[in-house]
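Asks: dropping a prediction and its sequence here:
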2 protein chains.
Amino acid sequence: MSELTESTEPAQAEPRSLLDRAAEATAGAQAPSGRARELDAADPLASLRDRFVLDDGVYLDGNSLGALPAGVPDRVADVVRRQWGELRIRSWGESGWWTAPERIGDRIAPLVGAAPGQIVVGDSTSVNVFKALVAAVRMAREAGRGDGAGADVRDEILIDASTFPTDGYIARSAARMTDCVLRPVLPHEVPGALGPRTAAVLLNHVDYRTGRLHDLPSLTAAVHAAGAYAVWDLCHSAGALPVGLDEHGVALAVGCTYKYLNGGPGSPAFLYVRAGLQDRFDSPLPGWNSHAEPFGMRPDYEPAKGAVRGRVGTPDILSLLALEAALDVWEGVSVEAVRAKSLALTDFFLECVAAHVPAGRVESVTPAEHERRGSQVALRCPDAGEVMRRLIERGVVGDFRHPDVLRFGFTPLYVSFADVERAARVLAEVLGES
Amino acid sequence: MSELTESTEPAQAEPRSLLDRAAEATAGAQAPSGRARELDAADPLASLRDRFVLDDGVYLDGNSLGALPAGVPDRVADVVRRQWGELRIRSWGESGWWTAPERIGDRIAPLVGAAPGQIVVGDSTSVNVFKALVAAVRMAREAGRGDGAGADVRDEILIDASTFPTDGYIARSAARMTDCVLRPVLPHEVPGALGPRTAAVLLNHVDYRTGRLHDLPSLTAAVHAAGAYAVWDLCHSAGALPVGLDEHGVALAVGCTYKYLNGGPGSPAFLYVRAGLQDRFDSPLPGWNSHAEPFGMRPDYEPAKGAVRGRVGTPDILSLLALEAALDVWEGVSVEAVRAKSLALTDFFLECVAAHVPAGRVESVTPAEHERRGSQVALRCPDAGEVMRRLIERGVVGDFRHPDVLRFGFTPLYVSFADVERAARVLAEVLGES
């Protein structure tokens, strides 16, 4: 799920002086080792860093807010000055505003293993979780009726007990409004918890705190075998690793676009509805943008065909078109190559931490096995809040998760092996002082 | 409610040649009459036009998409390049991103007659209608229980039968999810339709098609007297005329920001929850942004105090901060002065239409009485679609509403009396040719 860092809360943020900035620029700035240089030299994605606006620091918080893609500022300026300022209302047609949600959805589709026509972009992740979860319950009940089973059998929603909280809050509301009970279970407990009452299951592909990657193919299959529908939250996997939505038969998924997709602060989320299920997608937010004939001004609602059915109100054009420009950085880049580099980066970080940080000072809560690791490393450390504050002062930006987790996100498009090594060295410095 | 114009649908929009543009620039461009010049010379708001980016045409579609305020492009560029590009994640605190929804809500508050702390900005109008309407039903039932009445008595939602369609679609979903029936009635029929079963009433302050202004104070009082709650849709009144939310005891209201508030295409909507009712506002979309402790990452939901309770997910920063910059045009401007000019503009338009357009060729469906008129004039005309196409070709931009309405919106901040006269003359020209 979407989240920020505690260290960026207003109460905790302090304006920094130029002196602070100067101090940062030198911290941990010793030359990269031969090994880091070799890894960077052999990195096929190294040149992509030029597609972003970066500075001398090490930015390992792209799992919270992706860095600015270099092409975004000019595109946004054109949207504001020409499309809005000159064409005004005509831009809904002439500048492609009206179709932006599905057009940009089709740009995200290959990054999550989806054929075109199944993703729309718009609204926040929380709102999309609500749409998908309510629709999942309705589909499960509808399917149950088709099988001759009682219509009221499916009255339970399972929720990942370790989820980013908003998913849980929204799931509780979805349960309340569909007369379901909400049952929190850990992802590995899901197969054992499924039963004839299960309507829907809300799961995270990658845990926001630990960076653990859950087994999407087998969990999806188990949920479907039980006659329920899984909703996958891809916030921490979209743009970081192959998801394979179509391949693994996923029914419904949501994700945010401001982490590994670099869409900008609060950029709109996306909703995936599998093509074969779109006719049964019964949205709890049937706004005029999802109508079969949105300009017909008809009092009765007739849902559109296709992914458009997931739209609600007027799309947020500035943010949508900033995201569209941001997606240009993926030109010629395969998610498989991104995944390979991501694992190499996190492996190297763990290796550098082991080499530089005093033993026992931190403990990784991120799985060591590649097949269970997302694109971040979370280190447990009793004074994590203070440690992160000092890391940021020295130009290494990660974030802190209550109560004791240092979180470092690795965006392969712009993080180098030299960055990784420097982050570990600065971490060792900071930990050595306290 | 939020809406676009049919004439801007992709299928109907055609790229225009430079020749077309040259032709437009001359159409209807005869010198303004002495009367128009006098009215402009006496207009205390005339200089505000310089706060917008405009061209040689006449823009009467600000009731669909407000023109670009001149300060927006530089502000947006700063948000993108510096706040996102340089400060990145720290901007949540340092650049005031986190508090933008309520801060900008407080900027809108005086324009709709609300004290601070009652408005948040975020999500689309449709999504806010859903939040407000579900919350209204829950509040009415809660109040009913307090009175010792049965909890299930309140099971009916009244909806303006002439509403912009999305309100009706969303109201139907809200009714379905709260076990209510939805009953469409015309606004003037509401007092007679209220009863012990009425839980909530969704009303438009100004009708999107006819421009009719409904009687907010008396309708609100009638709804409350029946033990129900009214939700007011202010899309066509916010920024155009005094609303008086606090003064008239309104409980809940929503509105869009891209019409008379000039926030930009698809800019986020606002939600007003009366201070005294905020503790009872029980949102169907309780995302982490509305939590009492959003960074506590607590599995249980505890709603925040105040207007913040209306937030859902991560706020859409680019669009929000563009809106914030757009609101600067209100510096030193009173809504009362805007209303006075709005009525003068629409009076003058009707006068010019009567003077120039052949009698019987169009018929105004906008009430003549000031107290029942919003800030637009709608003219019925059998070939309205074709007429509007030709008006736009000649530089007079209004919009068309199916099946036979020409709609002209008058934004007092940037529309002049000379504009109004020219629009009527060009309309007469076009109608004289067909």
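Replies: Yep, that arrived. Source: prediction; values computed, not measured.
Asks: pLDDT below threshold where in the stretch 51-200 of chain A?
Replies: A:145-152 (pLDDT under 70).
Asks: all helices for it, in order.
Replies: With DSSP state H, counting those that start in this stretch, the ranges of helices along the stretch 51-200 of chain A come out as A:72-78, A:91-94, A:100-108, A:125-146, A:165-177, A:190-193.
Asks: dump those to TSV, plus distance to chain B.
Replies: C-betas here are computed from N, CA, C, even on glycine. As requested, these are exported to TSV (distance: least, Cβ to the nearest Cβ, whole Å):
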stretch	distance to chain B
helix A:72-78	5
helix A:91-94	3
helix A:100-108	9
helix A:125-146	3
helix A:165-177	4
helix A:190-193	17
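Asks: pretty sure A:Val120 contacts A:Pro101?
Replies: Yes: using Cβ atoms under 8 Å, A:Val120 is in contact with A:Pro101, at 4.6 Å.
Asks: quick revisit: okay, the helices of the stretch 51-200 of chain A in a markdown table with mean neighbour count next?
Replies: Formatted as a markdown table, the helices of the stretch 51-200 of chain A follow (neighbours: other Cβ atoms under 10 Å in any protein chain shown):
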| stretch | mean neighbour count |
| --- | --- |
| helix A:72-78 | 19 |
| helix A:91-94 | 22 |
| helix A:100-108 | 22 |
| helix A:125-146 | 24 |
| helix A:165-177 | 25 |
| helix A:190-193 | 16 |
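Asks: distance to A:Leu431 for those helices - can I get that in a markdown table?
Replies: Listed next are the helices of the stretch 51-200 of chain A as a markdown table, based on distance: least, Cβ to Cβ, whole Å:
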| stretch | distance to A:Leu431 |
| --- | --- |
| helix A:72-78 | 36 |
| helix A:91-94 | 53 |
| helix A:100-108 | 39 |
| helix A:125-146 | 34 |
| helix A:165-177 | 29 |
| helix A:190-193 | 37 |
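Asks: ok, how many other residues are close to the residue nearest to A:Arg103 when sequence neighbours are not counted?
Replies: Distance criterion Cβ to Cβ, 6 or more residues apart in numbering or on different chains; nearest residue to A:Arg103, sequence neighbours excluded, is A:Gly96 at 6.7 Å. Other residues lying near A:Gly96 total 16 when counted by other Cβ atoms under 10 Å in any protein chain shown.
Asks: kindly report the same for A:Ala115.
Replies: Neighbouring residues of A:Ala115 were enumerated by other Cβ under 10 Å; the total is 13.
Asks: and it, how close does it get to A:Gly105?
Replies: 11 Å (Cβ to Cβ, to the nearest Å).
Asks: do the same with A:Val201
Replies: A:Val201 sits 23 Å away from A:Gly105, going by Cβ to Cβ.
Asks: next: A:Ser95.
Replies: For A:Ser95 relative to A:Gly105 (Cβ to Cβ), the value is 18 Å.
Asks: state the next helix or strand along the chain beyond whatever helix or strand A:Thr220 lives in.
Replies: A:Thr220 is part of helix A:216-225 when elements are defined by DSSP states H and E. Scanning forward in sequence from helix A:216-225 by DSSP H and E, the next helix or strand is strand A:229-233.
Asks: packing partners of that following strand?
Replies: If you count contacts as 3 or more Cβ pairs under 8 Å, 6 or more residues apart in numbering or on different chains; DSSP states H and E, strand A:229-233 packs onto helix A:125-146, strand A:198-204, helix A:216-225, strand A:252-255.
Asks: I'd say A:Asn204 and A:Asp233 touch.
Replies: Yes: A:Asn204 lies in contact with A:Asp233 (Cβ under 8 Å); the separation is 4.7 Å.
Asks: more neighbours: the two, which one.
Replies: A:Asp233 (29 against 26).
Asks: list the residues that contact the more buried one.
Replies: Taking Cβ atoms under 8 Å, 6 or more residues apart in numbering or on different chains, we find A:Asp233 in contact with A:1, A:125, A:129, A:163-164, A:167, A:202-205, A:253-255.
Asks: and which of those residues is nearest A:Gly239?
Replies: A:Gly255 (8.6 Å; Cβ to Cβ).
Asks: contact partners for the nearest residue to the closest one once chain neighbours are set aside?
Replies: Leaving aside its sequence neighbours, A:Gly255 sits nearest to A:Leu234 (Cβ to Cβ, 6+ apart; 3.5 Å). Residues in contact with A:Leu234, defined by Cβ under 8 Å, 6+ apart, are A:112, A:205, A:243, A:253-255.
Asks: same question for A:Leu219.
Replies: So A:Leu219 contacts A:187, A:190-191, A:201, A:203, A:230 (Cβ under 8 Å, 6+ apart).
Asks: next one: the residue most central in space within chain A from chain B, what distance?
Replies: Nearest residue to the geometric centre of chain A (Cα atoms, centre = their mean): A:Cys235, 2.0 Å. A:Cys235 sits 10 Å away from chain B, going by Cβ to the nearest Cβ, to the nearest Å.
Asks: test my guess that that residue contacts A:Cys256.
Replies: Yes: the criterion here is Cβ under 8 Å, and A:Cys235 meets it with A:Cys256 at 4.6 Å.
Asks: show the end-to-end separation of stretch A:187-195, please.
Replies: Terminal residues of stretch A:187-195 lie 15 Å apart, using Cα to Cα, to the nearest Å.
Asks: who's in contact with it?
Replies: A:156, A:158, A:160, A:162, A:183, A:185, A:201, A:203-204, A:214, A:219, A:222-223, A:225-226, A:228.
Asks: can we see that at 6 Å?
Replies: Identification of contacts with stretch A:187-195 by Cβ atoms under 6 Å, 6 or more residues apart in numbering or on different chains yields A:158, A:160, A:185, A:203, A:214, A:219, A:222, A:226.
Asks: turn these into JSON lines, including distance to B:Leu345.
Replies: Listed next are the contacts of stretch A:187-195 as JSON lines, based on distance: Cβ to Cβ, whole Å:
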{"residue": "A:Leu158", "distance to B:Leu345": "58"}
{"residue": "A:Asp160", "distance to B:Leu345": "56"}
{"residue": "A:Val185", "distance to B:Leu345": "62"}
{"residue": "A:Leu203", "distance to B:Leu345": "56"}
{"residue": "A:His214", "distance to B:Leu345": "60"}
{"residue": "A:Leu219", "distance to B:Leu345": "61"}
{"residue": "A:Ala222", "distance to B:Leu345": "64"}
{"residue": "A:Ala226", "distance to B:Leu345": "63"}
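Asks: what's stretch A:346-357 in contact with?
Replies: Applying Cβ under 6 Å, 6+ apart, the contact partners of stretch A:346-357 are A:377, A:410, A:417, A:420-421, A:424-425, A:428, A:431.
Asks: what's the closest of those to A:Asp328?
Replies: Using Cβ to Cβ, the contacts of stretch A:346-357 come closest to A:Asp328 at A:Phe410, 21.4 Å.
Asks: for the closest one, give its distance to A:Asp233.
Replies: 20 Å.
Asks: next: A:Leu321.
Replies: A:Leu321 is 25 Å from A:Asp233, by Cβ to Cβ.
Asks: cool, A:Pro184 as well?
Replies: Counting by Cβ to Cβ - A:Pro184 and A:Asp233 are separated by 15 Å.
Asks: ok, now A:Gly249?
Replies: 17 Å.
Asks: swap in A:Cys381?
Replies: Distance, A:Cys381 to A:Asp233, by Cβ to Cβ: 27 Å.
Asks: spell out which residues of the stretch 301-434 of chain A are next to chain B.
Replies: Counting by Cβ under 6 Å from any Cβ of the partner chain, the residues of the stretch 301-434 of chain A close to chain B are A:301, A:312-319, A:322, A:402.
Asks: one more time with 7 Å
Replies: A:301, A:312-319, A:322, A:397, A:401-402 (Cβ under 7 Å from any Cβ of the partner chain).
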